[in-house]
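Undergrad: Test case, fold it:
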Amino acid sequence: MGQLSFEEDCLVRELDSRYYGFLDLSKSKNSEIKSLVQQTVANFQNYIANGQAHEMKNALDNKNVIQKYDPSNVVVEHMENTSSQNDEDTKILDKETNEKNFICDEKPQDEQYVNALCKLGHLHLLLGEYSEALSAYQKYLRFRENNYWTNHAFIYGIGVAYFKLRCFKWAIKSFQELLYLSPNFTCANEVHLRLGLMLKHCGEFHIALKHLQLSLLYTYPSTFSELQVKFQIAHLYEVQNKHKAAKDGYEFLLNEKNISLELKADVYRQLGWMYHCVECLGEKKEREANALNFLQKSIEAEPKSGQSLYLLGRCYAGINKVHDAFLAYRNSVEKSEGNADTWCSIGVLYQQQNQPTDALQAYICAVQLDKDHKAAWTNLGILYESCGQLRDAYACYLNATKQISFQSSLLRRKQAIRMKKDTIGLSKGLSQRITFLEGQLSQAPLPSITSKRRTLCSIEEAWNLPISLEMNSRQQQTAQMLPRQNTKQSPIQGPPPPYPHSQLSQSPIPAKRIKEDGSGQPDLMQNNIQTSSQHQNLINISETLSQRNFNTMPESNKISEQSVLDTFDDISNDIYKHNETIKLERLSQDALSNNLNEDSRHNKYNGGSTSDLSTTFKIQMDSKQLMAAVKLLPIDEPPVHCTILQVNAPPPSPPDCPPQKLTRDQLLPPTPSVHLENKKNAFSPQLQEFCLKHPIAVVRGLAGALKLDLGLFSTKTLVEANPDHSVEVRTQVHQSPDENWDTSQGKRVWACISHRSHTTIAKYAQYQASSFQDSLKDESDKGFPGSQAMSDSDSKDSVSNSNIVLKRKKHKINSKMLRFGTNVDLSDERKWKPQLTELQKLPAFARVISAANMLSHVGHVILGMNTVQLYMKVPGSRTPGHQENNNFCSININIGPGDCEWFAVPDAYWGGVHNLCEKNNISYLHGSWWPVLEDLYKENIPVYRFIQKPGDLVWVNAGCVHWVQSVGWCNNIAWNVGPLTARQYSLAIERYEWNKVQAFKSIVPMVHLSWNLARNIKVSDTKLFELIKMCLLQTLKNVLHIQEYVKSKGVEIRFNGRGKNEASHYCGQCEVEVFNVLFIKEQEKRHVVHCLSCALKLSPSLQGIVCLEEYRLSELQRVYDSFTLHRTQGLAYTQ
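TA: Modelled structure (predicted):
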């Protein structure tokens, strides 16, 4: 290829990932730019190939080098975790392998080579060559493993590549890191939108809503309109069953004057389908009329929408207007969508009209378009069984349950074959049906030529059966689309609409499946009277399986990943199409160049020059030197992310587990425990050293040694003291401690579901007492001989106890519900003075308030952390798996009379537990999970397991992962402590920063706490001193830089000060801690604090925003300079 001219070279140099979505190289007007990009790609590839040809052999021999993001691992993990696997994954893997072979693995000698890899990734991305882009990015990442986070355009690019290749786990990780590093990144609004969509797909609705709302705040050019984002927000409410909010959101959009016809069609479709499905929207007759009206309006707005026609047919079928339903289905088919759901519904109508042959043909069309269409296979099985063809019915039911595409990879097939029939998430009715047919077929005689002629042809014959002209014409229309359909369809029911319009003809999203409302179905069962009740059960199961009702979707948590992937593609392409002209006008070449040049300077400060920053800003500097250095920083761009970790530290992420392979005995370590004989033992320094040495420890006999009056925390005393005090109640399923079953799926899971409500101490006490009485009555009625062995206080081995319970209840997989009284606040000294006074008997390191406890220096109350909380339990009450807030230590005392069983994982393995949560589609921070022990053991993660008896104190060390279940009726009290050690402080700030990445609020304000520690204590531990001093350095530098920037905008900073015991401030938008410089804006008649980043989203010039200062700079400088390493013995404990 020829060399580029100077002008062409300058043009290509400007292009990077930030142009993605704005510069459409598929348009004819951009053909010249596309040609330049393609020529540059070829030049880069030749340069890389020629420059490294002699290293190729070494590279091929070095395949096992570990990479931070290994694309092949990503693809394999994605293949394992998605519910259906398509050919696209194989293509990704093949292309990545080719690219790896093309680009050698040997590290280059020059920077130009590495930068060429990143540029190659950008250009492939702009050309829409996502797997090639990912390969180039991966290679660049390999060489920049120690400072990749300085290149924000790279992180954005690799995030988009992951997003387009449907590797959502990695896309989310990349985008979260980008927002952590640069909240004001040029394309931050694009990042928030994609995060919102992916998190909505993952079921993280609260965080998804937060990101979608944040995407609306930016004033940056965008590839989506405000109304389209609001449409997604309304749909987010809909999938959460918040139907009123969803309805209000949709109606708001319809009242907008500038709404496009396409978006109006989507909104009408949503409203129509809601009225059809949601009973709370009115009487059935009125709802059906509204549904038909809205769907017809959707068709008027977008006549080519086959999806609206399909849903219209569903509504007609629901009110028994069969002819109108057929017409709507036929019109839908003629829109060339190739939608298997349409054919499935046509089959249902034929089946209801007692036309089994036509129904058979329609179902065959459906499963030919989507070989994993569970609903079509299930209904086809019902059809065959109603005609007495049990072998064909059995085959169809098996196809419905396998959920394995004919195009699936060998890996997926092997996994599915190993799965047992009763543990793959089947509905009970369908699995029972299969079992019944297996029994029938095992006793049935072999078919002979004298056998009665079959009503329908077999599946094999039907697959090649000549079909009617109508169906045949449809099949011809979709013949060319079958390969695409086979890669796009999903076997599991997907989310309800929206079905974005731009690519409906290419990648239709499955709609509700199977029959409507069950009407007419009993008639189909008349030929098989003996099994009619089982059939009816199966029909009901079929409806639940197939109907994508908004009521059932969130509860079953069966969102189809592949359907949402298609939705994302459609949304992205649709959004780009609708706004393309405006966007490219906004971002002309000059405008974009200016925009990106500014962002390049922004990156240079935050990223490229961090090595300079690390030499400029050191903890050895005094405040005057720090101020002088800050004045040299640029103020044309806002100060970037402030981290309290080390300068130039990478974005925080879960650690890898220790590599040492553990034996079975090491996976079940004995729990560190000590028995106290007297008060002297309790106050000995050795006790604190023992607790700090282990991940978790049990101090037995503490109450007796200190003569603690635990009766003050008994239910009887609590009721007498404050009967109307509030109790948060969690309704849970009673299960054995080492089991966690999903009864609807019939398998062990990680998700631990509980429902929140509130009551009072008096009312919960009544429930607790009645629960105990009922248990006594049940035991006496059963006369169970082992009841004495199950006594709470006598049980010594939690494993044996849980096994006994499991054997008694295993056949039921018990669905008994219980209520757990949690988070009872005991912070009010006026209400709980006797109880709080009694706890002063504890040794200093375990007290709620102590000079040696970091949390006592926060300066205000943090409920449940530096105050006492009480838990009121009945047997089976569960505290799901978690680490304590900001990794602080925890104290838990069992009041009795029953026991509690504890499980704990050392903090070094928390990254492994985090990965298992992700593997089980549960958020580690936001979700509620109860680990499956065998899963932990398989991942080489050790688990402590022990019984906490009345009077025992459990010390949970910093970062220890733990989960607890009550064995008997008991109360517990708990609070957090922060020993003054470098390890505790380090783990606290690491979690503080990782919480920012995860958009999770840190309820311990670590910056505010660090400044108070600097004021209040003298530190002799060198490591602890350096960590706190670094926090002071980073935050003071950020405060100074923010003030310089604000002054450059002409905004006055007013001194506000702080009130006594005033709580720390958090941003009202992103929930990060805001220290010293507060940006206040009135919202909905109240004044809301914002961080600088969110304030700039609301007003780029900061006009209309009040800037307040909490501390005078002179005070902060004095504290900073006065905080020095104390050389003699001080208050600090060292570790």
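Undergrad: quick one: least confident helix or strand in the protein?
TA: Within the chain, no helix or strand scores below helix 553-556, which has a mean of 28 by mean pLDDT, DSSP states H and E.
Undergrad: Can you tell me who Arg878 pairs with across the strands?
TA: Beta-bridge pairing for Arg878 (DSSP bridges): Gln965.
Undergrad: so who does it touch?
TA: Gln732, Cys752, Ser754, Phe820, Trp930, Trp963, Val964, Gln965 (CB atoms under 8 Å, 6 or more residues apart in numbering). Glycine gets a C-beta too; all of them are placed from N, C-alpha and C.
Undergrad: Can you select the buried ones from those residues in PyMOL?
TA: Buried residues within these, by 16 or more other CB atoms under 10 Å, are selected in PyMOL with:
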select buried, resi 732+752+754+820+930+963+964+965
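Undergrad: Leaving out sequence neighbours, find the closest residue to Trp832.
TA: Closest residue in space to Trp832, ignoring its immediate chain neighbours: Leu826 at 4.7 Å, by CB to CB, 6 or more residues apart in numbering.
Undergrad: At which residues are the helices of the stretch 851-1000 of the chain located?
TA: 910-919, 933-938, 982-997 (DSSP state H, counting those that start in this stretch).
Undergrad: tell me the most buried of these?
TA: Scoring the helices of the stretch 851-1000 of the chain by mean neighbour count under mean count of other CB atoms under 10 Å gives helix 982-997 as the most buried, with a mean of 22.
Undergrad: Let me see the mean pLDDT of that helix.
TA: Averaged over helix 982-997, pLDDT sits at 96.
Undergrad: Stretch 944-961 too?
TA: The model assigns stretch 944-961 a mean pLDDT of 97.
Undergrad: now do stretch 652-662
TA: Mean predicted confidence for stretch 652-662 is 94.
Undergrad: Repeat that for stretch 168-184.
TA: 93.
Undergrad: what comes up buried for it?
TA: 168-184.
Undergrad: Ok, stretch 847-864 next?
TA: Buried, per 16+ other CB under 10 Å, within stretch 847-864: 847-848, 850, 852-859, 862, 864.
Undergrad: Let me have the helices of the stretch 851-1000 of the chain in CSV, extended by distance to Leu199.
TA: Formatted as CSV, the helices of the stretch 851-1000 of the chain follow (distance: least, CB to CB, whole Å):
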stretch, distance to Leu199
helix 910-919, 13
helix 933-938, 24
helix 982-997, 14
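Undergrad: Of all these, which one comes closest to Ala245?
TA: helix 982-997 (27.6 Å; CB to CB).
Undergrad: roughly how far is the closest one from the heart of the chain?
TA: Relative to its parent chain, helix 982-997 has a centroid offset of 21 Å by CA atoms, centre = their mean, to the nearest Å.
Undergrad: hang on, the earlier thing: so can I have JSON lines of the contacts of Arg878 showing distance to Leu668?
TA: Listed next are the contacts of Arg878 as JSON lines, based on distance: CB to CB, whole Å:
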{"residue": "Gln732", "distance to Leu668": "26"}
{"residue": "Cys752", "distance to Leu668": "22"}
{"residue": "Ser754", "distance to Leu668": "28"}
{"residue": "Phe820", "distance to Leu668": "27"}
{"residue": "Trp930", "distance to Leu668": "18"}
{"residue": "Trp963", "distance to Leu668": "16"}
{"residue": "Val964", "distance to Leu668": "18"}
{"residue": "Gln965", "distance to Leu668": "18"}
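Undergrad: Okay, now the unreliable bits of the protein?
TA: 1-2, 51-109, 336-338, 403-429, 445-454, 465-615, 744-745, 779-815, 1084, 1128-1135 (pLDDT under 70).
Undergrad: And the furthest pair within the buried residues of stretch 847-864?
TA: Across the buried residues of stretch 847-864 (CB to CB), the longest gap, 20.2 Å, separates Ala852 and Gly864.
Undergrad: hmm, back to that, please report how far the residue nearest to Trp832 lies from Ala400.
TA: 54 Å (CB to CB, to the nearest Å).
Undergrad: what about these two, which has more around it?
TA: Neighbour comparison, Leu826 and Ala400: the larger count goes to Ala400, with 27 against 23 (by other CB atoms under 10 Å).
Undergrad: which residues in the stretch 51-200 of the chain form helices?
TA: Using DSSP H, counting those that start in this stretch, helices in the stretch 51-200 of the chain cover 56-60, 71-81, 87-102, 111-126, 130-143, 152-164, 168-181, 188-201.
Undergrad: If you count neighbours, what's buried in the fourth one?
TA: I take that to be helix 111-126. So helix 111-126, judged by 16+ other CB under 10 Å, has buried residues 113-114, 116-126.
Undergrad: Please produce a markdown table containing those residues, extended by distance to Ile459.
TA: As requested, these are exported to a markdown table (distance: CB to CB, whole Å):
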| residue | distance to Ile459 |
| --- | --- |
| Tyr113 | 57 |
| Val114 | 57 |
| Ala116 | 55 |
| Leu117 | 51 |
| Cys118 | 53 |
| Lys119 | 54 |
| Leu120 | 49 |
| Gly121 | 47 |
| His122 | 50 |
| Leu123 | 49 |
| His124 | 44 |
| Leu125 | 45 |
| Leu126 | 47 |
